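Peer 1: Just need the structure, nothing else, for what follows:
(chains A and B)
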Protein chains: 2
Amino acid sequence: MSSDLRQLPIGVFDSGIGGLTVLKALVARLPGEDFLYLGDTARLPYGTKTSATVERYALQAVAELVRRGVKAVVVACNTASAAALPALAAAHPALPVIGVIEPGAAAAVAATRTGRIAVIATEGTVRGGAYQRAIHALRGNAEVSATPATLFVALAEEGWTRGEVALATARRYLEPLFSHDQSAPDVLVLGCTHFPPLVDAIREVVGQGIQIVDSAATTASALAQLIQYRNLTHSAGSGATGFLVTDGEDRFARIGPVFFGRSIAPTDIERVDL
Amino acid sequence: MSSDLRQLPIGVFDSGIGGLTVLKALVARLPGEDFLYLGDTARLPYGTKTSATVERYALQAVAELVRRGVKAVVVACNTASAAALPALAAAHPALPVIGVIEPGAAAAVAATRTGRIAVIATEGTVRGGAYQRAIHALRGNAEVSATPATLFVALAEEGWTRGEVALATARRYLEPLFSHDQSAPDVLVLGCTHFPPLVDAIREVVGQGIQIVDSAATTASALAQLIQYRNLTHSAGSGATGFLVTDGEDRFARIGPVFFGRSIAPTDIERVDL
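Peer 2: Now for the predicted structure:
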């Protein structure tokens, strides 16, 4: 493995802006690496599109990252992870590619005591059943429910992560899942990268007894292991993060910090056509 | 003008599903005409995209309608009307094309007594200032405020048009606009085709003293005049409506009735790639 390859950034692909919650965890876990984030903001949201369309978009996005040079790719979008990982592996057999579903499932299985796990995600992720399969692969007797919570995406994009609307929305989605004391889940998986900014409203509805997990931290650990195994680790990078978006650089710079947890310089954002 | 041309359907283009509120009014006003609706469901929402991208998408969509044969086109999406009408007229000089902004502005000016008009719309429509310009062209001394109400789009798409979340959202967007008795607007324009299904929640917040107008009925009247003037009226059509979508036929059939006000047969929906 040449040192040139090690010095390449890690590509991070998302439908838009939600994947910045994953990038935040990646940067924290791997401070010596450089990152190149691609958000397909022109075509978001992916969550209400069919799998075939999401797969096509993901192939275009990862081809662009590969063209620019990356040593690995994180698909930081649950919908795209569910729809496109096999096609991405087939198109780029030498490239390490990981998604966020398996790491999220691993976090859920590690956290549950009762084996009853609730997943909230986009329509597309729920319909595909990827979380249910990934959890059952790790714990065959788990009881998994998966529920679409589409409106959380729009709430996070609007920056309305607290207050009356966020709470009323959380109640409408979550109270039916946690209303039965005996059979209620003890773990709630935030199966969409847009959901972590809403965790306070979600916590207020589900109460303190429920473990809330998301994919970000476990995906970062999985990536660290993967690039170490492939001898691709680079600890002397500048920690630089570049951003590619397919539309709306201004909006990305304005709303991105809700998800990334720090400011994004407009000069670090480049517009691309896929 | 050949009778062949008169017998062609009227094309209706929207970013997805919201334009069905306009189609509903067109079908009611022109029962003898046939319609061909194209919803760009793969790339919705347009409201958060830049004008240049929306213009490009609109040109592709109308080219597809023209290829299939239409005698006129209604751009039944405020965002696309604001961004793309000049480009569409340039690309198709012989084709009658109308949008929904001018008819919506005309409805607002006809309804106001005080000249104070509030417009709620998508980010893209507000940013472009098209409503403000269209209203001022009709009444130069009107006081127009325009406010983005992005989350209403997601609420209508989720079918949550009544209840606690819709009300809380309406309060958050609208109470600041109508809280000053002396200078409050007397007309509220629903400047996005996704908003009419939410009219009950909106009405509960703004009260009975405010006139709520949208573009649907006035756009239908404008279209009727336009095709009569161009000698394109056809009163013996079957009233058939065909639907083209760029993704998610099942979802379109399921959620479309919220906007169209009647059921949509899956066999009337065809998938197209733009």
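Peer 1: and the residue of chain A found nearest chain B, what are its phi and psi?
Peer 2: Proximity of chain A to chain B (C-beta to the nearest C-beta) peaks at residue A:154, 3.4 Å away. All C-beta spots, glycine's among them, are computed from the backbone N, C-alpha and C. Dihedral pair for residue A:154: phi -70, psi -40, per degrees, to the nearest 10.
Peer 1: what about it, how many neighbours?
Peer 2: By the other C-beta atoms under 10 Å in any protein chain shown criterion, the neighbourhood of residue A:154 contains 23 residues.
Peer 1: So for the nearest residue to it once chain neighbours are set aside, what's the pLDDT?
Peer 2: Closest residue to residue A:154 in three dimensions, ignoring its sequence neighbours and counting by C-beta to C-beta, 6 or more residues apart in numbering or on different chains: residue B:154, at 3.4 Å. Here the pLDDT value assigned to residue B:154 is 92.
Peer 1: tally of neighbours for the nearest residue to residue A:211 once chain neighbours are set aside?
Peer 2: Spatial nearest neighbour of residue A:211, excluding adjacent residues (C-beta to C-beta, 6+ apart): residue A:111 at 4.3 Å. Other residues near residue A:111 come to 16 when the count uses other C-beta under 10 Å.
Peer 1: residues in contact with residue A:111?
Peer 2: Residue A:111 is in contact with A:186-187, A:211, A:213, counting by C-beta atoms under 8 Å, 6 or more residues apart in numbering or on different chains.
Peer 1: Just flag the most distant two among those residues.
Peer 2: A:186 and A:213 (11.0 Å; C-beta to C-beta).
Peer 1: The two: which has the busier surroundings?
Peer 2: residue A:213 (25 against 16).
Peer 1: Can you name the helix or strand that the more buried one falls in?
Peer 2: strand A:211-214 (DSSP states H and E).
Peer 1: Show me which residues of that strand are buried.
Peer 2: Judged by neighbour count (16 or more other C-beta atoms under 10 Å in any protein chain shown), strand A:211-214 contains these buried residues: A:211, A:213-214.
Peer 1: same deal with stretch A:240-251?
Peer 2: A:241, A:243-249, A:251.
Peer 1: Give me the contact list for stretch A:51-70.
Peer 2: Under C-beta under 8 Å, 6+ apart, the answer for stretch A:51-70 is A:8-11, A:13, A:15, A:36, A:38, A:40, A:43, A:46, A:49, A:73, A:75, A:79-80, A:82-84, A:87-88, A:91-92, A:95, A:97, A:124, A:128, A:244, A:272, A:274, B:42, B:247.
Peer 1: what about 6 Å?
Peer 2: Residues from elsewhere that reach stretch A:51-70, judged by C-beta atoms under 6 Å, 6 or more residues apart in numbering or on different chains: A:8-9, A:11, A:13, A:36, A:38, A:40, A:43, A:46, A:73, A:79-80, A:83-84, A:87-88, A:91, A:274, B:42, B:247.
Peer 1: Please pick the buried ones from these.
Peer 2: By 16+ other C-beta under 10 Å, these give A:8-9, A:11, A:13, A:36, A:38, A:40, A:43, A:46, A:73, A:79-80, A:83-84, A:87-88, B:42, B:247 as buried.
Peer 1: so of those, which ones are in helices?
Peer 2: A:79-80, A:83-84, A:87-88 (DSSP state H).
Peer 1: And the helices in chain A?
Peer 2: A:3-6, A:20-29, A:51-68, A:78-91, A:101-111, A:123-128, A:130-138, A:151-158, A:164-178, A:199-206, A:216-229, A:249-260.
Peer 1: okay, now the closest residue to residue A:201 other than its chain neighbours: neighbour count?
Peer 2: Nearest non-adjacent residue to residue A:201, counting by C-beta to C-beta, 6+ apart: residue A:166, 4.0 Å away. Each residue near residue A:166 was counted by other C-beta under 10 Å, and the total is 25.
Peer 1: Wait, residue A:166 touches residue A:202, no?
Peer 2: No. Contact criterion C-beta atoms under 6 Å: residue A:166 and residue A:202 do not qualify, at 8.7 Å.
Peer 1: Buried residues, stretch A:15-35. List them.
Peer 2: Applying 16+ other C-beta under 10 Å to stretch A:15-35 flags A:15-27, A:29-30, A:33-35 as buried.
Peer 1: can you list the residues of chain A near chain B?
Peer 2: A:42-43, A:49-50, A:53, A:150-151, A:154, A:158, A:164-165, A:168-169, A:247-248 (C-beta under 6 Å from any C-beta of the partner chain).
Peer 1: Which pLDDT value belongs to residue A:3?
Peer 2: 55.
Peer 1: just checking, residue A:96 touches residue A:228?
Peer 2: No. Using C-beta under 6 Å as the test, residue A:96 is too far from residue A:228 to be in contact (10.8 Å).
Peer 1: who's more crowded, those two?
Peer 2: Neighbour count, other C-beta under 10 Å: between residue A:96 and residue A:228, residue A:96 has more, with 18 against 10.
Peer 1: what's the burial count for the closest residue to the more buried one other than its chain neighbours?
Peer 2: Excluding the flanking residues, the one nearest residue A:96 by C-beta to C-beta, 6+ apart is residue A:72, at 4.2 Å. Neighbour count of residue A:72, defined by other C-beta under 10 Å: 21.
Peer 1: One more: the one 10 residues further on?
Peer 2: Residue A:82 is surrounded by 29 other residues when neighbours are defined as other C-beta under 10 Å.
Peer 1: Skipping adjacent residues, who's closest to it in space?
Peer 2: Using C-beta to C-beta, 6+ apart, the closest residue to residue A:82 is residue A:130 (3.7 Å).
Peer 1: Any idea what the nearest residue to residue A:129 once chain neighbours are set aside is bridged to?
Peer 2: Once flanking residues are discounted, residue A:129 sits nearest to residue A:146: 7.4 Å by C-beta to C-beta, 6+ apart. Residues in a beta bridge with residue A:146, per DSSP bridges, are residue A:119.
Peer 1: Now do the contacts for residue A:249.
Peer 2: A:269, A:271.
Peer 1: Show the model's pLDDT score for it.
Peer 2: pLDDT, residue A:249: 93.
Peer 1: Next: residue A:70.
Peer 2: For residue A:70, the predicted pLDDT is 97.
Peer 1: and it, how many neighbours?
Peer 2: For residue A:70, using other C-beta under 10 Å, the count is 24.
Peer 1: can you check residue A:66 too?
Peer 2: Around residue A:66 there are 15 residues (other C-beta under 10 Å).
Peer 1: Now do the residue lying farthest from the centre of chain A, the pLDDT please.
Peer 2: Residue farthest from the centre of chain A, counting by C-alpha atoms, centre = their mean, is residue A:182 at 31.1 Å. Note for residue A:182: predicted pLDDT of 78.
Peer 1: same thing with the one 4 residues further on?
Peer 2: As summarised for this prediction, residue A:186 has a pLDDT of 97.
Peer 1: Assess the claim that it and residue A:117 are in contact.
Peer 2: No. At 8.0 Å, residue A:186 and residue A:117 do not qualify as touching, with contact defined as C-beta under 6 Å.
Peer 1: Now do the shared contacts for those two.
Peer 2: By C-beta under 6 Å, 6+ apart, no residue touches both residue A:186 and residue A:117.
Peer 1: Report the buried residues of stretch A:176-191.
Peer 2: A:177-178, A:184-191.
Peer 1: Look at that stretch and report the distance between its end residues.
Peer 2: The straight-line separation of the ends of stretch A:176-191 (C-alpha to C-alpha, to the nearest Å) is 18 Å.
Peer 1: Stretch A:211-218: how far from the chain's middle?
Peer 2: With C-alpha atoms, centre = their mean, to the nearest Å as the basis, stretch A:211-218 stands 10 Å off its chain's centre.
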